[in-house]
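Undergrad: Predicted coordinates and the sequence they were generated for:
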Amino acid sequence: MKKLNHILKVSLSLIVLFVFTQHVTSQVSALKVIPEVQHFDGKSGTYTLPSTVKILVNTTKNDSLMNIAEQLKEELHTMFKIEASVDTTSATKAVAANEIVLTYSNNALTNSEAYTLNMNSSEGVTIQGVARDGAFWATRTLLQLAENHNNLIPCGLVTDFPDYPTRGFMIDVARKFFTIDYLRDYVKILSYYKMNELHVHLNDNGFKSYYEDDWSKTYAAFRLESDTYPGLAAKDGHYTKEEFRNLQLLGMQYGVNVIPEIDIPAHSLAFTRYMPELEASAPYAKDHLDILDDKKLPIIYDFFDKLFDEYIKGDNPTFIGTDVHVGTDEFIKEGAGRNVDNHQATRFREFTNHYLQHIANLGKTPRLWGGLEWLKDEPLTHVPPVGNAIMNAWSRDWVNPHKMLEDGFEIISTPDVWLYIVPAAGYYRDFLDISWIYNNYRPEMVNGSVTLPNFQEGLIGSTFAVWNDICENGISQLDVHYRTMPAVKVVGAKNWKVAPTKTWEEYQAVANISADGPALNLSGVYTNAELNEIASKIAENPINFNGKQEIALGGTELGYKYDASFDLKPARGNKRNAILFQSRHGVVTLNTGGTGKLGFARDGYTYTFNYAPKNRTWQNIRIVGDHKSVALYIDGKEHETLTAYKKTEGIPRGFMFQQTLVFPLEKVGDANNGFKGEIKNLKLSYINKDKAE
């Protein structure tokens, strides 16, 4: 009988536990937010942010909270037209529906990124952060909930914290330039999804096989202004020191650590071209530093010691964050693969030790790419994790994660097999497999062969990467964004909460309605009502443009799978590249390049349709675009489609050159070089686009 009672008690306990677990799971799943929160104790009813709000900062410790409050005030206005005021209070919780109280927590949570968010229909919102980061992440959750629930937010208590402290994105700005405005937007995008690192790869070069096997013709760039070495920064695009410093300050405001990388001793053609004395000789490629030459080594150390010192030392340093990445990626003999000699391995390890120590001596945490597995000497030159060095574990060939953890490195899972994007290259991934990542990936999966134990000590999270290996291939900033935006969401989700409760379908439903970030729309996503409002600026009555006027449309760009049409009657005498439509990322032009033809330009590339609009004649022009092509229709008939083609001239291997356009919707015309003629009947829509509802 006792045994039967025990069985009944255990069975009843399991039933209660199952019911409780299902209840908690369903509550968490009810919140439309990415990443999914750890816990949600839901209550009846919904909370609505009113049209006027009081943001109240607890006076006990309000220095950093006051900055968060001011930022939240601005975002509530730009996102929802809510008028908010900011003040201090001695209260630790909201007591009215129009109050948002920010305070620090005195509960048992210890993670500095942890927070609670309490939403009550009659008592408003109370945010308690363990520290500054936690309080800030709570505001990201609140903004997403307000937007994704149409300001009918389920009431209840959110308790939230990340499973992993490092959630990052690496962007190769060397082989393709990204404007500082784009990087600033990405700080906000990453932050919105609680991604807290932006790793900026500042120097690199193309493959000489795409440049007639000639290193002198091969593209190379270093993207940061230098006073020590005038002219080192790329002429086709670089950041001033002030711009990069301000990017890091913005990151600090948004909880994102901006990490600069100067990649040496390989991938260094920008440096060897600037100072040929640094250049390696055969069997090493000209994009390698000659660290094996005893006479050149002091010159190399002097050059890069001074470069790092310029950015880190002084009263107004350029690198103001906590971490600096020194690269150390893929130092190999040209065409030799795994053929590594003892001297090569020793010098590489000594060089690595030098720069780990140099960065640590300057008060920064050094970072590096995993590369020690290939480069072993005998006896082994030890590379210790000086300054608590952090390593990106990216390849099963180049890094042994077990050995690196044993040696004391912290590692970031950056598996090339799953988390590398190389746009339009034909190898690695053009788009991450986000459904597979959501359903299967964990940060412990550091490569295709090694999976560490769950929450392995020393593993601090994941980073996904965009490598622009194929330089000058026509890819645009917004093409890259089209690839990375889904990745930001899913990598953020799987590092914040490794085992989410939502199914893939439930997650994707939330991802589809989630914006890029606070008042950001690089994806060019609009509802049909919003598109109609934009198009109404150019309606059925013709508007005459004289070449010196412009009309603001109130949009940014129309994202991929778009359909844009308009009626156009050009006047005679349109100037070269007369602007028809424009945004900060691109233009549609008449008389493109002086050809008289319709065309467009973005990211330094100009594309021309084989169509010259007829002067003083009405014609309907329709442009349809996706991430692979741009199609032109004239008077209802398909005229031409520009799509990727294999570029082979002077290129033995050849590569696919991209021809794409995200349609510009900021303005029609231009005050300085606008088109002449009449325009009417602007129509905007998507083709099979889920979001345009």
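TA: Here it is on my side, so go on.

Undergrad: partner strands of the longest strand belonging to the chain, parallel or antiparallel?
TA: Assignment by DSSP state E gives strand 676-686 as the longest strand of the chain. Sheet pairing of strand 676-686 (DSSP bridges) gives strand 543-546 (antiparallel), strand 562-570 (antiparallel).

Undergrad: Just the CA atoms of that strand, as PDB, please.
TA: Output of strand 676-686 as PDB, limited to C-alpha atoms (Å, rounded to 0.1, in the frame of the first residue of the first chain):
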ATOM      1  CA  LYS A 676      13.500  67.900 -65.900                       C
ATOM      2  CA  GLY A 677      10.000  66.700 -66.900                       C
ATOM      3  CA  GLU A 678       6.700  65.600 -65.500                       C
ATOM      4  CA  ILE A 679       5.900  62.600 -63.300                       C
ATOM      5  CA  LYS A 680       2.600  61.100 -62.000                       C
ATOM      6  CA  ASN A 681       0.900  57.900 -60.800                       C
ATOM      7  CA  LEU A 682       3.600  56.500 -58.400                       C
ATOM      8  CA  LYS A 683       2.600  53.000 -57.400                       C
ATOM      9  CA  LEU A 684       4.400  50.900 -54.800                       C
ATOM     10  CA  SER A 685       3.900  47.300 -53.700                       C
ATOM     11  CA  TYR A 686       5.600  44.100 -52.800                       C
END
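
Undergrad: Buried residues of that strand, list them for me.
TA: Neighbour-count burial for strand 676-686 flags 676-679, 681-682, 684-686 (criterion: 16 or more other C-beta atoms under 10 Å). All C-beta atoms are positioned from the backbone trio N, CA, C, and that covers glycine.

Undergrad: Tell me the one of those residues nearest Asp377?
TA: Checking these against Asp377 by C-beta to C-beta gives Tyr686 as the nearest, at 57.9 Å.

Undergrad: Just grab the bridge partners of the closest one for me.
TA: With DSSP bridges as the criterion, Tyr686 is bridged to Tyr562.

Undergrad: and what of Glu197?
TA: Beta bridges link Glu197 to Gly168, Asn257, judged by DSSP bridges.

Undergrad: That one: neighbouring residues, count only.
TA: Number of residues near Glu197 (other C-beta atoms under 10 Å) recorded here: 23.

Undergrad: domain ranges for the protein?
TA: The record's domain split for the chain, according to automatic domain parsing, is 31-160, 528-686.

Undergrad: Please report phi then psi for Ala436.
TA: Not quite, residue 436 is Trp, not Ala. Dihedral pair for Trp436: phi -60, psi -40, per degrees, to the nearest 10.

Undergrad: re the thing from before, could the buried residues of strand 676-686 go into JSON lines alongside pLDDT and distance to Glu505?
TA: Formatted as JSON lines, those follow (pLDDT from 0 to 100; distance: C-beta to C-beta, whole Å):
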{"residue": "Lys676", "pLDDT": "99", "distance to Glu505": "52"}
{"residue": "Gly677", "pLDDT": "99", "distance to Glu505": "49"}
{"residue": "Glu678", "pLDDT": "99", "distance to Glu505": "48"}
{"residue": "Ile679", "pLDDT": "99", "distance to Glu505": "43"}
{"residue": "Asn681", "pLDDT": "99", "distance to Glu505": "39"}
{"residue": "Leu682", "pLDDT": "99", "distance to Glu505": "36"}
{"residue": "Leu684", "pLDDT": "99", "distance to Glu505": "29"}
{"residue": "Ser685", "pLDDT": "98", "distance to Glu505": "26"}
{"residue": "Tyr686", "pLDDT": "97", "distance to Glu505": "21"}
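
Undergrad: returning to that earlier point: chain center to the longest strand of the chain, what's the gap?
TA: Relative to its chain's centre, strand 676-686 lies at 33 Å (C-alpha atoms, centre = their mean, to the nearest Å).

Undergrad: could you list every residue that touches Leu661?
TA: 586, 588, 600, 602, 607, 623, 625, 630 (C-beta atoms under 8 Å, 6 or more residues apart in numbering).

Undergrad: Show me what the last one is bridged to.
TA: The residues paired with Val630 through beta bridges, assigned by DSSP bridges, are Gly625, Leu642.

Undergrad: what separates it from Gly492, distance-wise?
TA: Look at Val630 and Gly492: by C-beta to C-beta, to the nearest Å, they are 31 Å apart.

Undergrad: which one of these two has more residues nearby?
TA: In this view Val630 and Gly492 are compared by other C-beta under 10 Å, and Gly492 has more residues nearby, 25 against 21.

Undergrad: How many residues are close by the nearest residue to that one once chain neighbours are set aside?
TA: Spatially, and ignoring its direct neighbours in sequence, Gly492 is nearest to Tyr193 (3.9 Å; C-beta to C-beta, 6 or more residues apart in numbering). Residues near Tyr193, counting by other C-beta under 10 Å, number 26.

Undergrad: What segments of this protein are helices?
TA: In the chain, the helices defined using DSSP state H lie at 2-29, 63-80, 132-148, 180-192, 241-254, 269-274, 297-312, 342-361, 401-407, 416-419, 434-440, 477-496, 504-513, 528-535.

Undergrad: tell me the average confidence for the longest one?
TA: For helix 2-29, mean pLDDT rounds to 45.

Undergrad: Then the shortest one?
TA: Within the predicted structure, the mean pLDDT of helix 416-419 is 98.

Undergrad: other SSEs contacting that helix?
TA: Using 3 or more C-beta pairs under 8 Å, 6 or more residues apart in numbering; DSSP states H and E, the elements in contact with helix 416-419 are strand 459-466.

Undergrad: correct me, but Ala266 touches Val326?
TA: No - applying C-beta atoms under 8 Å as the test, Ala266 and Val326 come out as separate, 11.8 Å apart.

Undergrad: now this structure, which segments are flagged as low pLDDT?
TA: Residues of the chain meeting the criterion pLDDT under 70: 1-26, 61-62, 336-338, 689-693.

Undergrad: Show me the residue at the heart of it, geometrically.
TA: Tyr186 (4.9 Å; C-alpha atoms, centre = their mean).

Undergrad: which non-adjacent residue is nearest it?
TA: Spatial nearest neighbour of Tyr186, chain neighbours left out: Leu198 (6.3 Å); criterion: C-beta to C-beta, 6+ apart.

Undergrad: Check Gly231 too.
TA: Gly231 sits nearest to Tyr274 (C-beta to C-beta, 6+ apart), 7.1 Å away.

Undergrad: and what of Glu638?
TA: Ala631 (6.5 Å).

Undergrad: ditto for Ser44
TA: That would be Cys155: by C-beta to C-beta, 6+ apart, it lies 6.8 Å from Ser44.

Undergrad: What of Thr59?
TA: Nearest residue to Thr59, sequence neighbours excluded (C-beta to C-beta, 6+ apart): Thr88, at 4.7 Å.

Undergrad: Fine, thanks again, bye for now.
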